[in-house]
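1. take a look and give me a structure for this.
(2 chains)
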2 protein chains.
Amino acid sequence: MAQKPSIPKGTRDFNPQDVAKRNYIVNTIKQQFELFGFQPIETPSFENSETLMGKYGDEGDRLIFKILNSGDFLSKVDDTLYSQKDSNSLGSSISEKALRYDLTVPFARYVVQHQNEIEFPFKRYQIQPVWRADRPQKGRFREFYQCDADVVGSQSLWQEVEFVQLYDAVFTALNLKGVTIKINNRKILSGIAEVIGAQDKLIDFTVALDKLDKIGEEKVKAEMLSKGITQTGIDKLQPLFNLSGSFESQIEQLKTILADSGEGKKGIEELNFIDKTISELQLKTATLQLDVTLARGLNYYTGAIFEVSAPKGVDMGSIGGGGRYDDLTGIFGLKDVSGVGISFGLDRIYLVLEQLYLFPETVTTTVKALFINFGEFEALGCMKAIKQLRSEGINVELYPDAAKMKKQLNYANKRNIDFVVLVGEAELKSNTFTLKNMVTGEQINVVFEDLYKLLQ
Amino acid sequence: MAQKPSIPKGTRDFNPQDVAKRNYIVNTIKQQFELFGFQPIETPSFENSETLMGKYGDEGDRLIFKILNSGDFLSKVDDTLYSQKDSNSLGSSISEKALRYDLTVPFARYVVQHQNEIEFPFKRYQIQPVWRADRPQKGRFREFYQCDADVVGSQSLWQEVEFVQLYDAVFTALNLKGVTIKINNRKILSGIAEVIGAQDKLIDFTVALDKLDKIGEEKVKAEMLSKGITQTGIDKLQPLFNLSGSFESQIEQLKTILADSGEGKKGIEELNFIDKTISELQLKTATLQLDVTLARGLNYYTGAIFEVSAPKGVDMGSIGGGGRYDDLTGIFGLKDVSGVGISFGLDRIYLVLEQLYLFPETVTTTVKALFINFGEFEALGCMKAIKQLRSEGINVELYPDAAKMKKQLNYANKRNIDFVVLVGEAELKSNTFTLKNMVTGEQINVVFEDLYKLLQ
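-> Next comes the predicted model:
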């Protein structure tokens, strides 16, 4: 009956060190979210299928994990449908629930469902796992956490300013200095498409432009041509490829390029406000950078678009992203509620901190001291001291069995416990404790008050 | 395309107040777990079906949520099997994964899978959601959190002592005084069954005995008779129904009843050790009580059995439970690893704290002050102060739009924000801040240093 145990591909077990490090990141993010006035909500792990299906495109629908109805799920399936043996149609009639695919759609559902209890503008954060039936690969999992902060119910650009500050605050608190917060605006992209006469090809245009970093100018142009954008239009783009200099000077160049586009000018105005305000308020360790090629799920965003990249020299792709979407809750029947939000990539941030040795050493230390177990009588003496130390907030434990000394010391070593406390007959008599430093090997005999002070 | 949004039955949305209160409980439990030397692990939300199926009995198997295979899941189902249209057999061939049903089986799987990386005895805690396709009712959900602490790899009774202390420490920290920690031992139950000649009816016997509180002595006896336990046997039980007095005196009475049972005497010895040691160490606010009728999932436990009930006057059933199981990892091929653990019932503890008004008021306060937005220029002044306050760890926010004063004050009231800060033209000129106490209505004009001190 013995089974060789394993876990589903794309999922992970987290050992105590992993959990401690992940919690360090999550708690740092949470703390900053709360400093900025965001409040936590939680939504169920699974939603009704109709809440999720059709919200992420065809590819998304395929990647959603569906939950099989409980009980005799086939009893309600009619024979004609069943006889077709078609996975799609049978699937929807034997599964009514699906695992959360992201936090944004459940959040939109939450806002609409609870609109009468919510004070708008509603600043919420949510840190929960999501599930995707993606092909697992390095750094891509089927279960992973998203860390999102969003504001709904305000069109104010101060939100965008706050999100730039929030990114800066979180990465500074994580001691990850030198990240770049790239910003763009959907209106800039629409404006450019308008100017080059490719309004109807906005998606093709931005998908191609988004690749500039990876494939270079010539290939981007070739792709645009192949998608039906005219050579004249592409020629008009030339100044865009030559954009350079500071945020401000790029804004000036954009003004020329977008002189004839009302929407483009609106985008420039928004970017300009954010840049000016951030310059005034100053960032701690991050840099704000204009990136007109930045698109990210364009269909979604209607205003600002954000993406954060790790400090130079760390090859990691984006470690955060977000933007403004003017009509998120419309799909659930609540119109004209503007939202803007950002997300932190927990797994990638973890890898970056690991690579740069930025996890504080104290993160993974757990127990301060192990009390050696010499037998029932001595152990009782230990337990009295242990009880007091724990009441004072000091993590200590007793080795549960009166095993050989070597075995107990070995356990302390393996668990990276810095101190062991020895209470034998002599110590019990003199009401003292022998404290052994496992790193230096040094050993001293002390009374309880001193033990407490040394372990504090 | 508008949908009326809802969530699956048996699941819950948690609003910011709910989350804050739940986190208060979870963080208190976590803190005590760590003081006692337990380390966190996390396992995936779904496991391979064969890891879970068959571990919780037939009823359990039915309540496990199965995940539909992705893609064209029917393509691998052979036509003969398909034509039977049988939910059970089709179900197992179109679903390979299932949602976690509890934390114990995944923990056993974890221990076996990672046995070479683990230092034994392994003290782990795990606080994660589990899912059960149970019929939802008051206080019973399809998604709920379990909070478990277990030790594997030691048979020492010091663990049982520590778990009694841990229960006491957690409920004391939650300010929930007067809980009763009931304890029993599987060996006592086996011993009694042996003495009355009902070894082969141990389950029937304990199931009936477990109901003593609810249905009374006569009905318990009637049930035992109906299950084939002899009248002579039941007569021998009489002293058990009359057990009374302190833990110690009950132990004395048990010694007489179990004089002829080796296993029963072993159980008495264990209980006696735990009772004596706890008397010596003393509990802070809880009471340890012997309850020979306590059974809980008996098939599972082999030694101590724990259950915690809320303080007298609170009608809530058990708010925690656990026990020792000698061969948990055997199902995954690792023999002779003894485990003992306890669990906290988060949802019920929540209800008890709510009923007794034990949540500290500070738990649900979030933002310390709201800065009123009078327009772009004033808002920039506010943001400079806000940035500094946040750096000092004070949660503050700017109302995002320059809306009417009344609307902004209303928002502060609804969100229970105690202070608003007004920075208008005059304040900007004098470099001061007007701080309004929303509770008293009092208003004062202060410089930044004083603002900081008042909000601290």
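
2. residue of the stretch 351-456 of chain A nearest chain B, please.
-> A:E397 (3.3 Å; CB to the nearest CB). Using the backbone N, CA and C atoms, a C-beta is placed for each residue, glycine as well.

3. and that residue, that's in a helix?
-> No - judged by DSSP: H, G, I helix; E, B strand; the rest coil, A:E397 forms no part of a helix; its state is strand.

4. let me see the confidence value for the closest residue to it other than its chain neighbours.
-> Take A:E397 and drop its neighbours on the chain: the residue closest to it by CB to CB, 6 or more residues apart in numbering or on different chains is B:G37, 3.3 Å away. Here, the pLDDT recorded for B:G37 equals 96.

5. repeat that for A:M1.
-> 45.

6. can you list the domains in chain A?
-> A:16-355, A:365-455 (automatic domain parsing).

7. for B:Q32, find the nearest of these.
-> domain A:365-455 (8.2 Å; CB to CB).

8. quick one: distance of that closest one to the chain centre.
-> Centre-to-centre, domain A:365-455 and its host chain are 40 Å apart (CA atoms, centre = their mean, to the nearest Å).

9. is it fair to say A:K182 lies in a strand?
-> Yes - according to three-state DSSP, A:K182 belongs to a strand.

10. I figured it hits A:D291, correct?
-> Yes - using CB atoms under 8 Å, A:K182 is in contact with A:D291, at 4.1 Å.

11. out of the domains of chain A, deepest packed?
-> A comparison of the domains of chain A by mean neighbour count, using mean count of other CB atoms under 10 Å in any protein chain shown, puts domain A:16-355 on top with a mean of 19.

12. now the terminal residues of that one, how far apart.
-> 19 Å (CA to CA, to the nearest Å).

13. could you do stretch A:235-249 as well?
-> Taking CA to CA, stretch A:235-249 runs 21 Å from one end to the other.

14. so what touches it?
-> Residues external to stretch A:235-249 that are found in contact with it (CB atoms under 8 Å, 6 or more residues apart in numbering or on different chains): A:192, A:195-196, A:212, A:217, A:221, A:224, A:250, A:253-254, A:256-257, A:275, A:288-290, A:292.

15. let's see 6 Å
-> Contacts of stretch A:235-249 from elsewhere in the structure, counted by CB atoms under 6 Å, 6 or more residues apart in numbering or on different chains, are A:I196, A:E217, A:Q250, A:Q253, A:I257, A:D275, A:L290.

16. rounded mean pLDDT for it, please.
-> 89.

17. chain center to it: distance?
-> Counting by CA atoms, centre = their mean, stretch A:235-249 comes out at 32 Å from the chain centroid.

18. got it, and stretch A:66-74?
-> Mean-position distance between stretch A:66-74 and its chain equals 32 Å (CA atoms, centre = their mean).

19. okay, it in PDB with CA atoms only?
-> Written as PDB, here are the backbone C-alpha positions of stretch A:66-74 (Å, rounded to 0.1, in the frame of the first residue of the first chain):
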ATOM      1  CA  LYS A  66     -11.900  23.600 -13.600                       C
ATOM      2  CA  ILE A  67     -13.400  21.800 -10.600                       C
ATOM      3  CA  LEU A  68     -15.400  18.700 -11.200                       C
ATOM      4  CA  ASN A  69     -18.900  18.800  -9.800                       C
ATOM      5  CA  SER A  70     -19.300  16.600  -6.700                       C
ATOM      6  CA  GLY A  71     -21.300  13.500  -6.500                       C
ATOM      7  CA  ASP A  72     -22.900  11.800  -9.500                       C
ATOM      8  CA  PHE A  73     -22.000  14.600 -11.800                       C
ATOM      9  CA  LEU A  74     -23.000  12.700 -15.000                       C
END
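
20. is any residue of it near chain B?
-> Yes - interface with chain B: stretch A:66-74 contributes A:K66, A:I67, A:L68, A:S70, A:D72, A:F73, A:L74 (CB under 6 Å from any CB of the partner chain).

21. quick one: which of the residues you listed sit in strands?
-> Within the residues of stretch A:66-74 next to chain B, residues falling in strands by DSSP state E are A:K66, A:I67.

22. ok, and what's touching stretch A:309-316?
-> Counting by CB under 6 Å, 6+ apart, A:G178, A:V179, A:T180, A:S318, A:I319, A:R348, A:V352 sit against stretch A:309-316.

23. okay if I get those residues as a markdown table plus pLDDT, secondary structure and distance to B:S89?
-> Conversion of those to a markdown table gives the following (pLDDT from 0 to 100; DSSP: H, G, I helix; E, B strand; the rest coil; distance: CB to CB, whole Å):
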| residue | pLDDT | secondary structure | distance to B:S89 |
| --- | --- | --- | --- |
| A:G178 | 97 | coil | 58 |
| A:V179 | 98 | coil | 53 |
| A:T180 | 97 | strand | 55 |
| A:S318 | 92 | strand | 46 |
| A:I319 | 96 | strand | 46 |
| A:R348 | 95 | helix | 42 |
| A:V352 | 97 | helix | 48 |
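
24. got a markdown table for those, with distance to A:I342 too?
-> Putting those into a markdown table (distance: CB to CB, whole Å) gives the following:
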| residue | distance to A:I342 |
| --- | --- |
| A:G178 | 19 |
| A:V179 | 13 |
| A:T180 | 14 |
| A:S318 | 11 |
| A:I319 | 11 |
| A:R348 | 14 |
| A:V352 | 17 |
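
25. of all those, which comes closest to A:V112?
-> A:S318 (29.2 Å).

26. what sits opposite that closest one in the beta ladder?
-> A:S309 (DSSP bridges).

27. over to the one 5 residues further on?
-> Beta-bridge pairing for A:G323 (DSSP bridges): A:I305, A:G341.

28. doesn't A:Y301 make contact with it?
-> Yes - under the criterion of CB atoms under 6 Å, A:G323 makes contact with A:Y301 at 3.9 Å.

29. ranges for the helices of the stretch 101-250 of chain A?
-> A:104-113, A:158-173, A:186-195, A:202-209, A:212-226, A:231-241, A:247-257 (DSSP state H, counting those that start in this stretch).
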